[in-house]
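S.K.: here are the coordinates; sequence isn't available:
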């Protein structure tokens, strides 16, 4: 079983049942599974703020959403996050790829890569770094926080983690 399948299984165990987002090469493994298996009902979005809108509708319809996005898409999503999710208590698990981490990536990813953790703190989005050794504990803690606060939380995914 691949790391991507184990991750999706873990999300399902925690009640996540709606998957949307914008494809990113750092999520290749997950995206292939979501695209191939209709049980996930994955809805690919053209923009991250659109994915948040889809996730909000799913939440209001009784689902527990996951939104996949690049960290650059986090920037695109600011207005939706603060004027929809946070104001109206619409939770979602944001799975955010950490492009530009440690200055290693294409030039367009470097600034956001450097500031991503500060950016999440600025938006008051609790987050954890995807670490295989603590993943179950972190997903559990993020899910509890998300349910208790009814606000978005984020799992930040470094390169090489969910590509297979």
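M.R.: Arrived safely. Please read these numbers as outputs of a predicted model, since none were measured by experiment. Residues are numbered from 1 along each chain as shown.

S.K.: Just the terminal-to-terminal distance for stretch 53-66.
M.R.: 12 Å (Cα to Cα, to the nearest Å).

S.K.: List the buried residues of that stretch.
M.R.: 53, 54, 55, 56, 58, 59, 63, 64, 65, 66 (16 or more other Cβ atoms under 10 Å). Every residue, glycine included, has its C-beta placed from N, CA and C.

S.K.: Can you check my assumption that residue 16 lies in a strand?
M.R.: No - counting by DSSP: H, G, I helix; E, B strand; the rest coil, residue 16 is not part of a strand but coil.

S.K.: In which helix or strand does the residue most central in space within the chain reside?
M.R.: Against the mean C-alpha coordinate of the chain, by Cα atoms, centre = their mean, the closest residue is residue 95 at 1.7 Å. Element membership of residue 95 [criterion: DSSP states H and E] is strand 93-97.

S.K.: Buried residues in the next helix or strand after that strand, which are they?
M.R.: Per DSSP H and E, strand 93-97 leads on to helix 107-122 as the next helix or strand towards the C-terminus. Applying a neighbour-count criterion of 16+ other Cβ under 10 Å, one finds 109, 110, 112, 113, 116, 117, 119, 120 buried in helix 107-122.

S.K.: Who are the packing partners of helix 107-122?
M.R.: If contacts are counted by 3 or more Cβ pairs under 8 Å, 6 or more residues apart in numbering; DSSP states H and E, helix 107-122 sits against helix 71-76, strand 153-157.

S.K.: what's in contact with that helix?
M.R.: 70-72, 74-75, 96, 98-103, 105, 127, 154, 156 (Cβ atoms under 8 Å, 6 or more residues apart in numbering).

S.K.: coming back round to it: which of the helices and strands packed on helix 107-122 is buried the deepest?
M.R.: strand 153-157 (a mean of 23; mean count of other Cβ atoms under 10 Å).

S.K.: and the residue of the chain most remote from its centre, how far is that from residue 113?
M.R.: What lies farthest from the middle of the chain is residue 107; by Cα atoms, centre = their mean that is 22.5 Å. To residue 113, residue 107 is 11 Å away according to Cβ to Cβ, to the nearest Å.
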